[in-house]
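Engineer: coordinates only, no sequence provided:
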Ligand code: IPD
Ligand code: CA
Ligand code: CA
């Protein structure tokens, strides 16, 4: 796939997520929204998550019938599962927010070629913010280039984080890391959407981010946006899922140093 094709994808995905985002906003706060439970009483999926994913998959299958697709709600497509191209989709990142009518949520779509992310997008319907990156081409918010911030001091930094649905029982519920970082930073943030957290690091709205229990669709697309914005975003398999740490090149060292004092994450710092 050449650069021209990737830029076309960027534009078409923008049109697609604007349309899907409009549908999400129209249904936000609806009293009769159908909500089901997945792995537990707090792990929810709404009819809007399912319908959004259906529309995104329909677009991809129509335009790229030979590509593989991994969607949070539908899993891995059986057709083309051995394709070199893999689309990774989170149709609503921030479902707990969405189910409560809380307007912070995003649509994340990434494209990988031989396991390397070559395109990533995070769209935030409520703000009409389209964050995107093409490998080697920089990162953008709508049509403006974005860059991570340059603050390198923890006590002057905003650090975002999040907690998994199985936080009552999981050893990776982030409790200890949170307790370590919370008192030593200017502000801790929990938006409820890992993709928004990472997009905000990419655009310098926050300095860093950490979370211990993510699935690929929670960070694949946004990871490229952070990296192309001059930041660092490291992911490491941890039990069944991934620990992810991100930040501008100055704060990432401090963040990892402090997280490692709780338990070794073994991330390369340089
Ligand atoms: C969740 C969000 C949240 C993070 C959770 C994720 P979902 O994704 O990204 O910020 O803390 O770990 O599972 O379920 O809303 O798509
Ligand atoms: Ca998610
Ligand atoms: Ca989701």
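Structural biologist: It's in. Since the structure is predicted, the reported quantities are computational estimates derived from the model, not experimental observations. Residues are numbered from 1 along each chain as shown. Ligands and ions are numbered 1, 2, ... in the order given.

Engineer: where do the helices sit along the stretch 51-200 of the chain?
Structural biologist: Ranges of helices in the stretch 51-200 of the chain, per DSSP state H, counting those that start in this stretch, are 95-99, 175-181, 194-202.

Engineer: how far off centre is the second one?
Structural biologist: On the basis of C-alpha atoms, centre = their mean, to the nearest Å, helix 175-181 sits 21 Å off its chain's mean C-alpha point.

Engineer: buried ones in that helix?
Structural biologist: By 16 or more other C-beta atoms under 10 Å, the buried positions in helix 175-181 come out as 177, 178, 181. From N, CA and C alone the C-beta is placed, and that goes for glycine too.

Engineer: quick one: residues in contact with that helix.
Structural biologist: Helix 175-181 has contacts (C-beta atoms under 8 Å, 6 or more residues apart in numbering) with 159, 161, 163, 167, 188, 210, 212, 255, 258-259, 261-263.

Engineer: any of those buried? List them.
Structural biologist: Buried, going by 16+ other C-beta under 10 Å: 159, 161, 163, 188, 210, 212, 255, 258, 259, out of those.

Engineer: return the member of the helices of the stretch 51-200 of the chain having the minimum mean pLDDT.
Structural biologist: Note on the helices of the stretch 51-200 of the chain: lowest mean pLDDT is at helix 175-181, with a mean of 92.

Engineer: the helix or strand bottoming out on mean pLDDT in the chain close to ligand 2?
Structural biologist: One helix or strand of the chain scores below all others by mean pLDDT, DSSP states H and E: strand 44-46, with a mean of 85. No: counting by C-beta under 5 Å from the ion, ligand 2 is not contacted by strand 44-46; separation bottoms out at 10.9 Å.

Engineer: what are the ranges of the strands in the stretch 51-200 of the chain?
Structural biologist: In the stretch 51-200 of the chain, the strands defined using DSSP state E, counting those that start in this stretch lie at 68-71, 75-76, 85-93, 106-113, 116-124, 129-134, 139-141, 144-146, 158-161, 187-189.

Engineer: distance to residue 152 and mean pLDDT for those - can I get that in CSV?
Structural biologist: Formatted as CSV, the strands of the stretch 51-200 of the chain follow (distance: least, C-beta to C-beta, whole Å; pLDDT from 0 to 100):
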stretch, distance to residue 152, mean pLDDT
strand 68-71, 36, 96
strand 75-76, 40, 91
strand 85-93, 28, 97
strand 106-113, 27, 98
strand 116-124, 25, 98
strand 129-134, 23, 98
strand 139-141, 20, 98
strand 144-146, 18, 98
strand 158-161, 13, 98
strand 187-189, 16, 97
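
Engineer: out of those strands, the one nearest ligand 1 is which?
Structural biologist: strand 85-93 (4.4 Å; C-beta to the nearest ligand atom).
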